[in-house]
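Asks: Predicted coordinates and the sequence they were generated for:
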Amino acid sequence: MNKKEVAEALEEIGLLLELAGENPFKTRAYGSAARAIERSAGDLKGLVETGELLKVKGIGDSIFAKIKQMVEQDKSSYLEELHAKVHRGLVEMIRIPGFGPKRARAVHEKLGINSLGELEYACRENRLVKLEGFGQKSQDKILAGIQFLKRHQGRFLISDALSDAERLLAVVQGCKETIRACVAGSLRRCKETVKDVDILAAVRESGPVMDAFTKAKGVETVAAKGDTKSSIVLSSGLASDLRTVSEKEYPYALAHFTGSAEHNIAMRARAQQKFGYKLNEYGLFKGDKLIDAKDEKEIFKKLDLAYIEPELRENAGEIEAAEKGKLPNLLRMEDIKGVLHVHTTASDGSDSLDEVAKAAEEAGYLYLGVTDHSKTAVYAGGLKEQDVLEQHRAIDNLNKKLKKLRILKGTESDILPDGSLDFPDKVLERFDFVVVSVHSSFNLSRAEMTKRIVKAMKNPYTSILGHPTGRLLLAREGYDVDLDELLKVAAGEGVAVELNADPHRLDLDWRYGKRAHDLGVKVAIDPDAHSAEAFSVMRYGVGIARKGWLEAGDVLNALETEALLRFFQKRRSSK
DNA sequence: GCCGTTTTCGGCCCGACTGTTTTCAGTCG
């Protein structure tokens, strides 16, 4: 089993243990071990063989032994044992909002229900109404929850969530009782997909703000409405929570509702164990006495920590780094000097070269790398050799007219199934830079896919590896590839790796940011724009780069034009 | 099951809201 499969198996073990009514701390241990594996750098097999994995926080002897078996024997006896004991269908049931492990066990034990479908049928037969601890309202909610699951996958792209979030935030901010408000939760942490939108508001009076929120345009159902908290579901299927607090509580509440849960747990444990403080959404307390903090920064300071940016709050080493003053100086939007992966009407873009150039100029970029598809990508109108020459003439002419902006000649060359590029050398050498990407034959074995991409990366004309796993968030898994190996090759070859900023991709995954940094790999944050308007996705790319601990010095397109061209030339002349 | 400049055993974050209940369990974040 590979890293991802092991993480999923551990997660499933945690869920099954929870369903079996096990000690909650034990079940949590499996969940946190799963996340530790996801984040771990390097080859899992190697980490197991050397025993290095035992040094990872959250992995002890028992879980290590289970991982060892998964890696070496491609199975988990423990998971099989649990499957025999706990019905697999219960796992899907707990995806229903408001329906957790206890209720799943109850319907299983008392009504013999083993799947989502059976549960739906039982609701239709009114069998839950009479069940102890349930009732009419519970049954209605469960039925609605099942319908909800059928319509939506339960997670949303950051771009979709953000547009709803900004609209709801405006509604809250528009209330005269609101002092200030902010989007918190996973959206503030810039997770690549989110389950819901958390909004926090400091208010003079809560009631009218709650009313405005629950009556906002697009609200389909009001799932809960209380004095300080309301939950709604929009017609888009996206759920949103509003929490209201007083002005004084706001900084603590902002930290609390930004999370993540794991980060909060670690922060509270630190407050309690190191200082004897209690930390919650209302404040930091020594006994009953509030320890004043005017903003989030001061809360961290009181706990002897440097300020941790929201994107880093995943309990992935940020607290230890903050303690030692070793947090990264995160990339900022203004560090980005240009964009390098842009399509025009020459292939499958919707705006012409002139139009994207104008947009890049207006965005204040120093350079614009035009990278239309290569000839094999017929579905995307890939350029033939003659078309390339034509485009280059057009770019030369345009560059003569432009003042600050420089257009760079690039291509997004398909990586063919055998790992070769789509143009002969005599064409490749005419480009300033070459992005290489996989767009076909996704189903190779891990070894074959890795070999294919490594071969393409070793081509001396290759400058950037495009969307390294090919994943489409919420739609398609990436192809199976040894990403760690690709990063090592990138480091050795002087090839940059793309962090595709399109919210459907966000590929390189942020969990590999630290690894890229440690290996000295340059990361290119590319819009993969198919229109001038799509430059706006750069904000997601920068957010994900920040989440991956990247600094300006790690990012290829944070370089000025001359330095960027030197990077491309150095790569080419190294062979 | 994990973890330890308090501990190798005994802890493990904290509170809001709902629904089904007469005081609280379950769920969520």
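Replies: It's in.

Asks: Tell me the spacing between the residue nearest to the spatial centre of chain A and A:Gly548.
Replies: Nearest to the geometric centre of chain A sits A:Glu192, at 2.4 Å (C-alpha atoms, centre = their mean). Distance, A:Glu192 to A:Gly548, using C-beta to C-beta, to the nearest Å: 11 Å. Every residue, glycine included, has its C-beta placed from N, CA and C.

Asks: do A:Gly466 as well
Replies: The spacing between A:Gly466 and A:Gly548, counted by C-beta to C-beta, is 17 Å.

Asks: try A:Ser347
Replies: 29 Å.

Asks: More neighbours: the two, which one.
Replies: A:Gly548 (26 against 22; other C-beta atoms under 10 Å).

Asks: Point out where the stretch 451-575 of chain A drops to low pLDDT.
Replies: Where the stretch 451-575 of chain A drops to pLDDT under 70, the residues are A:475, A:575.

Asks: Identify the residues contacting A:Val388.
Replies: Applying C-beta atoms under 8 Å, 6 or more residues apart in numbering, we find A:Val388 in contact with A:411, A:423, A:427, A:430.

Asks: So what sits opposite the first one in the bridge?
Replies: It stands for A:Thr411. Note on A:Thr411: beta-bridge partners by DSSP bridges are A:Asp372, A:Val434.

Asks: can you count the residues close to it?
Replies: As a burial measure, A:Thr411 scores 30 neighbours (other C-beta under 10 Å).

Asks: Low-confidence ranges, chain A, go.
Replies: If you take pLDDT under 70 as the line, chain A has these spans: A:152-153, A:475, A:575.

Asks: Could you list the domains of it?
Replies: A:3-151, A:156-241, A:251-324, A:333-573 (automatic domain parsing).

Asks: Now the closest residue to DNA strand B within the stretch 201-350 of chain A. Its backbone dihedrals?
Replies: Residue of the stretch 201-350 of chain A nearest DNA strand B, by C-beta to the nearest atom of the strand: A:Gly226 (2.5 Å). Backbone torsions for A:Gly226, taken as degrees, to the nearest 10, come to phi -130, psi -170.

Asks: now do A:Cys190
Replies: As for A:Cys190, its main-chain torsions (degrees, to the nearest 10) stand at phi 60, psi 50.

Asks: quick one: A:Tyr304 from A:Arg268, how far?
Replies: Not quite, residue A:304 is Asp, not Tyr. A:Asp304 sits at a distance of 15 Å from A:Arg268 (criterion: C-beta to C-beta).

Asks: If you count surrounding residues, which of the two has more?
Replies: Shown here are A:Asp304 and A:Arg268; by other C-beta under 10 Å, A:Arg268 has more neighbours (17 against 11).

Asks: so that one touches A:Leu279, yeah?
Replies: Yes. Counting by C-beta atoms under 8 Å, A:Arg268 sits close enough to A:Leu279 to count as a contact (4.7 Å).

Asks: near DNA strand B, anything from the strand or helix carrying A:Glu12?
Replies: Element membership for A:Glu12 (DSSP states H and E) is helix A:3-19. No. Contact of helix A:3-19 with DNA strand B (C-beta under 7 Å from any atom of the strand) is absent, the minimum separation being 8.1 Å.

Asks: which parts of the very next helix or strand once past that helix are buried?
Replies: Downstream of helix A:3-19, the next assigned helix or strand under DSSP H and E is helix A:24-39. Using 16 or more other C-beta atoms under 10 Å as the test for burial, helix A:24-39 gives A:27-39.

Asks: Looking at those, which is nearest A:Arg204?
Replies: The nearest member of the buried residues of helix A:24-39 to A:Arg204, counting by C-beta to C-beta, is A:Arg28 at 38.5 Å.

Asks: Quick check: closest non-adjacent residue to that closest one.
Replies: Leaving aside its sequence neighbours, A:Arg28 sits nearest to A:Gly14 (C-beta to C-beta, 6 or more residues apart in numbering; 7.2 Å).

Asks: starting at the chain centroid, how far to the host helix or strand of A:Asn399?
Replies: A:Asn399 belongs to helix A:385-401 when assigned by DSSP H and E. The chain centre lies 37 Å from the centre of helix A:385-401; the measure is C-alpha atoms, centre = their mean, to the nearest Å.
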